[in-house]
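Got a sequence here, can you build the structure:
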Amino acid sequence: MRLLGWYQLEARQNTAAILFPAPCNSLTAPDAFFLDVYFNTISVQPTAAVQDSQDKRAPKNVLASTRIAYAGDQTEFVVDMGIEYATRLVIFNGEFTSMFVAIYGETVTSEHSEAVSYEPKLLPVSTPLPLPPSLDPGNSSNPILLAEQLLQLLPVAPELSFAARLIFVLKPERDDWDLPDFPFFSELDPLDGAYYVAKLLSKAAAQQTRFSRTLLVSTYRSSGSFNEHTLDEGTVLYLHAAAADVEIARCFREDESFLSSLDDLQGSPKIESRLRKKLKQLLARIRGWQSFEDVLTNTNDDFVGSASFLKDIVTEENAVGCWLKCMLTHDNLTSRLVDVPTPSDTLALPPLLFHDSYVEVSHKTFLVFVKALLAVSGVLTTLAWAGSVGDDQCRERALALLVLWQGIDGYREIINHCLLLRQMTRRLGWNKSDDTPTKRSIYAERLLVGLAKDPQAMLNEDCENLEDSELPELIKAILSPEIPFSSTTTEELMEIGKLARVARDGLPSAIEELTFNSLRPFSLRRLRVLRVSLVIIAKKLTDYDDGERRVAEAFWLERHQGVGPTLVSILSDVADDLNHHFALQPPPRMNQALSDLLLRIANDIITLLTRFTPTYPLISRDLRTLVVAVVDLYACANAAGSTFSQSSSAYLAAKITRRNCRVILSTLSKAIQAESGTSNAQIILRSLLSPHVEKVVRDPVHHILQVYDLTMNILPQASSDEAATFWSTEVFPKVLAELKAFSCLLDAETRATFIQRLAMLDNGEIGIGDWLLVEQMKGLLTTLHTLPSPIQEDHKLLLQYQVTSILHFCDLVISSSAWGVSSFSTNEDLSQLLNDCLTLTLDYHVTSLALKRLTRHLAEHADVFAPDVRFNILLLSLRTAQANFSVPDALKFVPDILKSLPSTSITPEHLQSEVGRLISTYSDHALEIKSDVAELTLYVLEWLASQEDVKLTTLVGLSADQFQHLCSHLASALPPERQATVSVIKDKLIIDEDEVFPSSTIEILDTLIMPLKAVENLLSPPPAEPPSTPKRGTKTPDILGVVISPPSAILRSPAATGLTKTYLNNDFRQLRQLPSTRMNTSRLPSTHVDVGINGRWT
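Presented below is the predicted three-dimensional model:
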């Protein structure tokens, strides 16, 4: 980007213009007071794009307008013109006399140069800049320094703790002291004493520490304990407010009788549910202080529980003031934050503890969160104090600091949560201005817009059946016509206005939005509207014990639709949109904000479905749709985890999405019957095992692995559970085809784990593990039969890799579990298939690393196999030893196998051939043979010499000199007592030098490597054969046979000579009237048109 010009504009009748020498695409311009800017639009679309579009009329002499609110100093303003349009003329209209403006952009050229050569370049990686240390209180040793510095801008600067108490807590409600019936403590009724003591404690919570302690000693401890007769709702509310002070909370906590009475009342069925809820909140705040104090020093404490305590504190102004006062005045709390080391090289942003409960947080990051919350609370106190005393400079800088933090992950969530305090939202509304714009009003509008886009902020209070004056402050600030927004774009105003109206109208509006047929793909605005609607539904479920029934009835009354199908349909659309963000085709640009919102709305829907489905089960079709959507979401969330930064909200949303996907499928897969009588587990498993890879726009391999992960998650954990028996007898038998097809899609390692898990759950009930092994061995046998066939080289390479994969799978099954060995040895069908496969590998001379590993593990358990299988294992072991002549383990199990083999199972020719190869190889490398290998080799020769069959005592494939050479080296490598045996064996064995071994082998690689062209050829359909011309002399009579070979009657007909003449007038018609022409002819009806002399039809 370059500077296009630097101009000083002089206004004439409030108007000035800039003419560029060439069309320019404007990107930035400075904000100015209220300044109307007009750009003439020039289409810069490529010619082909214009021709292909339906509307080919390019805009000419059209002015696009925008408004800039300039608030002083050097500012920037961005105009997003896209890549379709450019401008050459910019017109400014406003109340100004002189203005300096710098416009940056790119000059548009009509000629598009083509690249001559391609040069690969690395994509630029943007590294986010960290906050300056002075603006990052979370990593500062003094988090309240910024708030104190802002207070110093005031003519009279109060202490921060004093300002916090006056702003948030010490506010006179009514002139209670002047009422004539204001009670004295000495005249209180015993039943009313608890209420007034609680009220007094709530007022004293914000006072100085000495006053609170004195009051606790003189009033609370002398007033007696609270009980079910004195603890009404008002008393509990005052005690809850008083417990925001750490001293009062400690006093409550030390009173064991008081805590036990609260516990008893909370669990008593006589107490109303509303009061029980308040008692629960009171106990949580009392115990939350203890947890919070412990977590400041203990590195392994309850961080999530302490975060819930802080979230409860920040929801009330009185509690915020008390907590802030305690943090600033109690040395034991402040010192724990100040003394924490903050190394500059490991700066961390505050974790998102207010919005999500599943954040992995450490002690250090939790302290960063606490310090950030303390800093934000201090700045809000300064903002409110500056607004009360009317200091614009302090207020403007406080707002600017809040705007900065609202744009940073971690700080944003704290800012938005704290701004929901009633007076904070109202003060932001007061700072709006439609007069001459100020920075203060611009900052306030930005904060309100950012706050309005948080769905939880809109539903901070219940808005249903409220008058306009009683609406939450945020909704009133957005919809208020008295002080409109002046510097916010029209699109943002329409968006937040829509969100506010949906929140204001409540459940009916939420149902209308959820059942509305949205345009796809979803826009940010539409997603935010849906999120607000979902939050309204969730709030109804929380507020009422029968919330599910209320919402379901409302859905049916409003739209005659069910809740479950509606939510499943939206979830399916969200998953489809999210798929395209992680597709194999590179998107134009990763929209992290949109991905984050899609993941979060998916979480909201899944959470609601988890609440609704136990009461209102889904039908089979909706359940299948839900499973497909959940699988897509799970896979996209996994891809997002490796794409987004771990400190971003999108990464956290992806992490929570994966957890919720596992939870909902595990919940729905319980033994619940669908409307057709089919269990949910069967429907879910069948939907999972049919991944529809051909429809997936993402990486299919990654997709299948995510399906496998979800499938393993929903399976019962132990075979002794009742659920395992249900799955074995009711689910697995009905999805055998899907299990077989899905297992073939997995890699060898994953496939082995999957089948072993199924076999463990089955525990021999239906033998599903053995059946899957049989199907795998059938596939191996078929592939081995195909290998020697003359097929395409690329296809042969693919078949060889398939053989390697199944051999590796068998090796993993046999080596990792006793079940695998037992299945291959005791199952007759499986044992026979194994024997057939081993025989083919021997016959075709297949060699591979996977086969060598499998042979070794088979040889280790050879004694449990049938004799025929054992003999093939022996032959493979001998063949494996030929390639690993220096490895002692190569022949480790051969002696045991030879001892156990009956003579009826031995094929002398095959054994003779393999032993001959082995001895020939060992003779060529006799110098490398060590004592242990020599001992095993001698045993093999000794066993052969002891046999009666001549074929076994004859060594083939080597010369006598080679054998002599080997024997001499064996004798030198063996101990003296075994050297004599070598001479004896040498005399007994016969050497046959005439037989030559075949050298053709099929060597299979462990990895599949092929060029991209080969992959294209394999995926392409076979070419169609071109049609061929029939050969002469092969005429076949058919329905037109008489035409091909006309009868002699036609040849002898007197009309035959007229068939080739030129017809004149009506000769043709007259000729047709002759009997001979109609007799015995097969001529098709004539299409000749007869036209009379006068041109009429005849």
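
List the buried residues of stretch 157-170.
Within stretch 157-170, the residues that qualify as buried are 157-158, 160-161, 163-169, counting by 16 or more other C-beta atoms under 10 Å. For every residue, glycine as well, the C-beta is placed using N, CA and C.

Between the two ends of it, how far is it?
Start to finish, the residues bounding stretch 157-170 are 18 Å apart (C-alpha to C-alpha, to the nearest Å).

If you average the pLDDT over it, what comes out?
The average pLDDT within stretch 157-170 is 87.

With stretch 793-811 instead?
pLDDT averaged over stretch 793-811 gives 90.

Show me what it is in contact with.
Stretch 793-811 has contacts (C-beta atoms under 8 Å, 6 or more residues apart in numbering) with 747-748, 751-752, 776-777, 779-780, 783-784, 786-787, 791, 824, 834, 846, 848, 850-851, 853-854, 857, 1002, 1004-1008, 1010, 1014, 1017-1018.

circling back: rebuild the buried residues of stretch 157-170 as CSV, extending it with distance to V735.
Shown next, in CSV, are those (distance: C-beta to C-beta, whole Å):
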residue, distance to V735
A157, 73
P158, 72
L160, 66
S161, 66
A163, 67
A164, 63
R165, 66
L166, 69
I167, 64
F168, 61
V169, 63
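
Mind checking which of those residues land in helices?
Those of the buried residues of stretch 157-170 mapping onto helices are 160-161, 163-164, per DSSP state H.

Looking at those residues, which two lie furthest apart in space?
S161 and A163 (7.4 Å; C-beta to C-beta).

doesn't V984 make contact with L941?
No: counting by C-beta atoms under 8 Å, L941 sits too far from V984 to count as a contact (10.1 Å).

Between these two, which is the more surrounded one?
L941 (24 against 11; other C-beta atoms under 10 Å).

what helix or strand does the more buried one sit in?
Per DSSP states H and E: L941 is located in helix 931-945.

Please name every helix or strand in contact with that helix.
For helix 931-945, the contact count by 3 or more C-beta pairs under 8 Å, 6 or more residues apart in numbering; DSSP states H and E identifies helix 894-900, helix 908-924, helix 960-973, helix 976-988 as packing neighbours.

Got the domain ranges for the chain?
Here the domain assignment for the chain is 2-107, 158-382, 402-504, 868-998, 1042-1098, based on automatic domain parsing.

want to throw those into a markdown table with distance to L838?
What follows is the domains of the chain, written out as a markdown table (distance: least, C-beta to C-beta, whole Å):
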| stretch | distance to L838 |
| --- | --- |
| domain 2-107 | 62 |
| domain 158-382 | 50 |
| domain 402-504 | 59 |
| domain 868-998 | 4 |
| domain 1042-1098 | 62 |
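
Which of these sits closest to P133?
Going by C-beta to C-beta, the one of the domains of the chain nearest P133 is domain 158-382, 7.3 Å.

quick revisit: give me the buried subset of the contacts of stretch 793-811.
748, 751-752, 776-777, 779-780, 783-784, 787, 824, 834, 846, 848, 850-851, 853-854, 857, 1002, 1004, 1014.

Identify the residues contacting P788.
For P788, counting by C-beta under 8 Å, 6+ apart, the contacting residues are 844, 1002.

what about the strands in this structure?
2-10, 15-29, 34-40, 42-43, 63-69, 77-78, 85-94, 98-107, 846-847, 954-956, 990-992, 1002-1003 (DSSP state E).

what's the third one in contact with?
So that's strand 34-40. 26, 29, 61-70, 79, 81, 87-96, 436-437, 486.

Ok, the last one next?
Contacts made with strand 1002-1003 from outside it, assessed by C-beta under 8 Å, 6+ apart, are listed as 787-788, 800, 844-848.

run the last query once more with 7 Å
With contacts defined as C-beta atoms under 7 Å, 6 or more residues apart in numbering, strand 1002-1003 is touched by 787, 844-847.

List the pairing partners of that strand within its sheet, with orientation.
Partner strands for strand 1002-1003, per DSSP bridges, with pairing direction: strand 846-847 (parallel).

Report the mean confidence score over the partner strand.
Mean per-residue pLDDT for strand 846-847: 87.

same question, stretch 233-248
86.

what's the answer for stretch 301-315, then?
The model assigns stretch 301-315 a mean pLDDT of 87.

Understood, closing this out.
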